[in-house]
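*Asks:* When you get a sec, could you give me coordinates for this:
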Amino acid sequence: MRPGDAQRLLDALLGVDAPIGFAVFDENHRYLAVNAALARHHGRSIAHHLGRRVDEIGSHGIAGAHAAELIDRVLRTGEQVEVDDPPDRVSDGTVLLRSSWYPVRDEAGRITAVAVFVVDDTTRQQADQALRDSRARTGRLLQVADELAQAVTVAEVVSAVTAIGHSTVGADWSYVALIGPDGLSLVAGRDEPDSLVESRANWPEEAATPTAEAVRTGWPLFIGSRAELARIFADERLLRYVDRAGERAWAILPLLGSSGRLGALRFAYAVEQHFDEESRRFLRAVAQQCAVAVERARLFEQERTATATLTVGLLPSRLPGIAGLELGARSIQGSPDHRVGGDWYDAFALPGGAVSLVVGDVMGHGLSAATGMGQLRAALRALALTDPDPAAVLTGLDRLVEGGGAVEMATVVYAVLDPALGTVRFGDAGHPPLVHVPEHGLPELVDAGAGTTPIGVPEPRYGRTVHLGHGDTVVGFTDGLVENRDRPIEEGLAALVACLDAVRNEPLDVMLDRVVEQMSDPDGADDVTILGLRWTGR
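*Replies:* Numbers count the residues shown, from 1 in each chain. Below is the predicted model:
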């Protein structure tokens, strides 16, 4: 096909106002035809294109070496090729083109030319990019939510924010400023890098700062350069600080919770930044999630403090002094990152000279568990003073829980010791067994019957009697002493028996300290309670 014939055909098919660019090339990359739309995009006339090679037109659109490679590819393989062309800068913005290359065959099926259609794909590609960006932002926000979901205390939230600032926000330094009793202060996270520690130590607390301004107004501040900072906050102390720290851009976002102002996030960058609307929207979403996490952590810490205070207040302030009997107890709260549980113990004298001892664990955590523990402790004392028999006491507790109240379920081991005879009558309601440590001989686990149910799951309750020899020890405990994520309770019980065997000759207080030291997990979530008695009568 001659260029003139091809051009006449093209003019008939695609008029000068066609929105689609079209061209035909011969085997030597020369233009056989081109429509007005594509010629106009190249900034050349139709006549200027005809007969010229594609690489002679210039670098616009489909012209150039890349177009020559595509022509050769279609000529060689006969395949249809679709490509997104590089962004094209025009007077009114950036145009994103998509070109489709086709073989042109003669009657014998031989490829004699290559045709290309070019369309403006800007809208579609921009929509696709916006969708990809939206998905990326959603993914990053999910990462933020995951980091914060694992943070329980305020210190953990601050550490999570530091990690989020580095990995998700792209900041070089991240701080959390919280409003406290003494005003606004920067809060350190766990394992804070030395650079952050040094920067915080030099923070100009009395200076006019973006952080204080964001907290005061409740509006975020995005400052892209040191010059912009100096125009807004002309405080030399602040400027000296940022120069020393090497900070050159900042995103300051207030933390606003349901209870009001909590503080602010401060993300700092070592190079100047341009905070476009998308990045600002993302940072505001991060701040919103962080505010929820800070508020949740503060409520947790307040509840934990109140629960711990209540729990300590409900435990015996001192153990009774009973002739012929030594008593000792230890109560250790679990990791500060977890809620206080319902572990408790008690020991009190009964009419007639006997003494009651109990170790229990109310299911649950927090104030409800502590309240339930107080209710159960008071009820058990009242029941024991009426009828100290273990079966009667445990049956009475079942009826209490069945009748409603703060306790839904609890485990209890309850014992009555006769100091004159050295006999221990005890009952067990779903609790770990006692350990009997004779002065001579191997320690043993003793329970009132395998498979007993907790208080709140009623069944006939029974008791068992153990006779103590002079110097024998009995130890009761909660499951936090013998069970954790890495150690099943069976292994923990065996380890406890071995530990008690090794320290049997120690004074009771030393024995309990050694047991706690060797058996408890310092990072464990559960509380640990242990109560020991040693019979020294006869």
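*Asks:* remind me which residues of the stretch 301-450 of the chain are low pLDDT?
*Replies:* By pLDDT under 70, the weakly predicted segments of the stretch 301-450 of the chain are 303, 306-314, 334-341, 364-370, 405-406, 449-450.
*Asks:* contacting residues around Asp186?
*Replies:* Quick fix: residue 186 is Leu, not Asp. When contacts are counted by Cβ atoms under 8 Å, 6 or more residues apart in numbering, Leu186 touches 175-177, 200, 203, 266. (Each C-beta comes from the backbone N, C-alpha and C, glycine too.)
*Asks:* of those residues, closest to Ala392?
*Replies:* Nearest to Ala392 among the contacts of Leu186 is Val176, at 55.7 Å by Cβ to Cβ.
*Asks:* got the buried residues for stretch 230-247?
*Replies:* 233, 235, 238-239, 241-242, 245, 247 (16 or more other Cβ atoms under 10 Å).
*Asks:* Just those: which are in helices?
*Replies:* Counting by DSSP state H, the part of those found in helices is 238-239, 241-242, 245.
*Asks:* Would you mind putting the buried residues of stretch 230-247 into TSV with pLDDT alongside?
*Replies:* TSV is the format used below for those (pLDDT from 0 to 100):
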residue	pLDDT
Phe233	91
Asp235	88
Leu238	89
Leu239	91
Tyr241	88
Val242	89
Ala245	85
Glu247	91
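*Asks:* sorry, back to before: quick one: which two of the contacts of Leu186 are the most distant?
*Replies:* Farthest-apart pair in the contacts of Leu186 is Val176 and Trp203; separation 12.6 Å (Cβ to Cβ).
*Asks:* Settle it for me: which of the two has more neighbours?
*Replies:* Counted by other Cβ atoms under 10 Å, Val176 and Trp203 do not tie: Val176 has more neighbours, with 27 against 18.
*Asks:* Check which helices and strands the helix or strand containing that one sits against.
*Replies:* Of the helices and strands defined by DSSP states H and E, Val176 is found in strand 173-180. Packing partners of strand 173-180 (3 or more Cβ pairs under 8 Å, 6 or more residues apart in numbering; DSSP states H and E): helix 154-164, strand 183-187, helix 194-201, helix 210-217, strand 260-269, helix 277-314.
*Asks:* if you set the cut-off to 6 Å instead, what comes out?
*Replies:* helix 154-164, strand 183-187, strand 260-269 (3 or more Cβ pairs under 6 Å, 6 or more residues apart in numbering; DSSP states H and E).
*Asks:* so how far is it off the chain centroid?
*Replies:* Per Cα atoms, centre = their mean, to the nearest Å, the displacement of strand 173-180 from the mean C-alpha position of its chain is 18 Å.
*Asks:* And that strand, what's buried?
*Replies:* Within strand 173-180, the residues that count as buried by 16+ other Cβ under 10 Å are 173-178.
*Asks:* what about Asp513, how many residues close to it?
*Replies:* Neighbour count of Asp513, defined by other Cβ under 10 Å: 16.
*Asks:* Can you give me the distance of it to Ala329?
*Replies:* Asp513 is 11 Å from Ala329, where distance means Cβ to Cβ, to the nearest Å.
*Asks:* shared neighbours of the two, anything?
*Replies:* Taking Cβ atoms under 6 Å, 6 or more residues apart in numbering as the contact rule, Asp513 and Ala329 have no neighbour in common.
*Asks:* Give me the mean pLDDT for stretch 37-45.
*Replies:* Summarised as a single mean, pLDDT over stretch 37-45 is 82.
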